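In: kindly return the folded structure for what I paste below:
(one chain, ligands or ions: 1)
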Amino acid sequence: MKMEVRFLKRGFFQRLFGIPATPKSKQQAGWNVSSGMLIIDLNKTPELQNAGNAMRFEGKNLPGRVLVIYGEDKQYRAFENRCTHVGHRRLDPVPGTRTIQCCSVGKSTYGFDGNPIYGPAPKPIKTYPVQVKGNELHVFLFEQLTESRASGSS
Ligand code: FES
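Out: Residues are numbered from 1 along each chain as shown. As a prediction, the model looks like this:
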């Protein structure tokens, strides 16, 4: 699957108000933050069991908003959920493209390595290393994923 820019179908007002397509985790009990990690109980997060889905994690004692996607290639990826353009709006994965895109009017689009490839975003977004441990997904919030691991080329 190659990386290309495609626009997610969103309504005008959804873009104007920055309403993302990706839902927030309903199961607040299904995740917590400990030792610099976001720890997600995958049994309690059925949304992340289907390839192509994504979920956003916000609140509690998270240092920032996090977007977790379970890609069409069945790999988990995690990003800081904050566009680097001035509105700092939330991001959504775009099916079939290996990209994530700002929900705002500017539609800044980033590759899985975090680098911007379309739109007004001036800088990359943070990509976090992840690890599956049993039923848990660990997201390392204070580490930065290297480019080759983020793009899945290793
Ligand atoms: S806030 Fe993302 S493009 Fe403007």
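
In: find the nearest non-adjacent residue to residue 145, please.
Out: Leaving aside its sequence neighbours, residue 145 sits nearest to residue 127 (CB to CB, 6 or more residues apart in numbering; 4.2 Å). C-beta coordinates here come from the backbone N, C-alpha and C atoms, glycine included.

In: could you tell me how many residues sit around that neighbour?
Out: By other CB atoms under 10 Å, the residues close to residue 127 number 25.

In: how about it, phi and psi?
Out: phi -120, psi 130 (degrees, to the nearest 10).

In: residues touching it, list them.
Out: 77-80, 112-114, 144-145, 150 (CB atoms under 8 Å, 6 or more residues apart in numbering).

In: which ChimeraX command selects the buried ones in those residues?
Out: Here is the ChimeraX command that selects the buried residues among these (16 or more other CB atoms under 10 Å):
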select :77,78,79,80,112,113,114,145,150
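
In: pull the longest helix from the protein.
Out: Counting by DSSP state H, the longest helix found in the chain is helix 12-17.

In: what's whichever helix or strand comes after that helix packed up against?
Out: Moving toward the C-terminus from helix 12-17, the next helix or strand (DSSP states H and E) is strand 31-34. Contacts defined by 3 or more CB pairs under 8 Å, 6 or more residues apart in numbering; DSSP states H and E place strand 31-34 against strand 37-41.

In: need the contact partners of the strand it packs on.
Out: 30-33, 48, 57, 62, 66, 68, 78, 135-141.

In: the closest residue in space to residue 38 that isn't next to it in sequence sits in which helix or strand?
Out: Among residues not flanking residue 38 along the chain, residue 139 sits closest, at 4.0 Å (CB to CB, 6+ apart). For residue 139, the element it lies in under DSSP H and E is strand 136-140.

In: can you tell me which residue is nearest the centre of this protein?
Out: Nearest to the geometric centre of the chain sits residue 67, at 3.0 Å (CA atoms, centre = their mean).

In: what parts of the chain come near the ligand?
Out: Contacts of the chain with the ligand, taken as CB under 6 Å from any ligand atom, map to 83, 85, 87-89, 102, 104, 106, 108, 119-121.
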